[in-house]
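Peer 1: Sharing a model that was predicted from the sequence below.
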Amino acid sequence: MKGKLELRITVAAIALFGLAVLGKVSTIHAQTAPSTGSEVKIDNFTFAPKDLTIAAGTMVRWINRDDIPHTVVSDDKTTFKSKALDTDDSFSYTFTKPGTYSYFCSIHPKMTAKVIVQ
Ligand SMILES: [Cu+2]
């Protein structure tokens, strides 16, 4: 009777340990996966980084940390185009095809940068 209970506790402990290990492995995998997203900061009339290299399928999020509005518009004005972003507003776009995507701020056309999708 007592032996059976001990066996059950051992099985439960092994199962819990297994779950803990699995949880840790999936956390590490999430941290190293290339498609978790990338961020471009807009501040002081500058996109940073100016050249961003990512893997196809990555979502890029632009966030305006400047105290004036900016936009994020692809050179062809159709691939992606944000509305005017106020301070702390953000815009996201997922790049699915490899290539070089130059973009600019339509309010301040001298603000330019690019995303290189591999
Ligand atoms: Cu701007």
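Peer 2: Great, that's in hand. Numbering: from 1, shown residues only.

Peer 1: per-residue confidence averaged over stretch 72-82?
Peer 2: Mean per-residue pLDDT for stretch 72-82: 98.

Peer 1: Extract the CA atoms of it and return them as CSV.
Peer 2: C-alpha atoms of stretch 72-82 as CSV (Å, rounded to 0.1, in the frame of the first residue of the first chain):
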residue,chain,number,x,y,z
VAL,A,72,6.9,55.5,-42.4
VAL,A,73,6.3,55.2,-46.2
SER,A,74,7.9,52.8,-48.6
ASP,A,75,9.5,54.5,-51.7
ASP,A,76,6.9,53.0,-54.0
LYS,A,77,4.2,54.4,-51.5
THR,A,78,2.2,51.2,-51.8
THR,A,79,4.2,48.4,-50.0
PHE,A,80,3.6,50.0,-46.6
LYS,A,81,2.4,53.4,-45.5
SER,A,82,1.7,54.5,-42.0
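
Peer 1: ok, and what's touching that stretch?
Peer 2: Residues from elsewhere that reach stretch 72-82 (C-beta atoms under 8 Å, 6 or more residues apart in numbering): 40, 42, 62, 71, 85, 91, 93, 101-106. In this view, the C-beta of every residue, glycine as well, is placed from N, C-alpha and C.

Peer 1: Quick check: which of these are also close to the ion?
Peer 2: Counting by C-beta under 5 Å from the ion, residue 105 from the contacts of stretch 72-82 sit close to the ion.

Peer 1: This completes my enquiry, with thanks.
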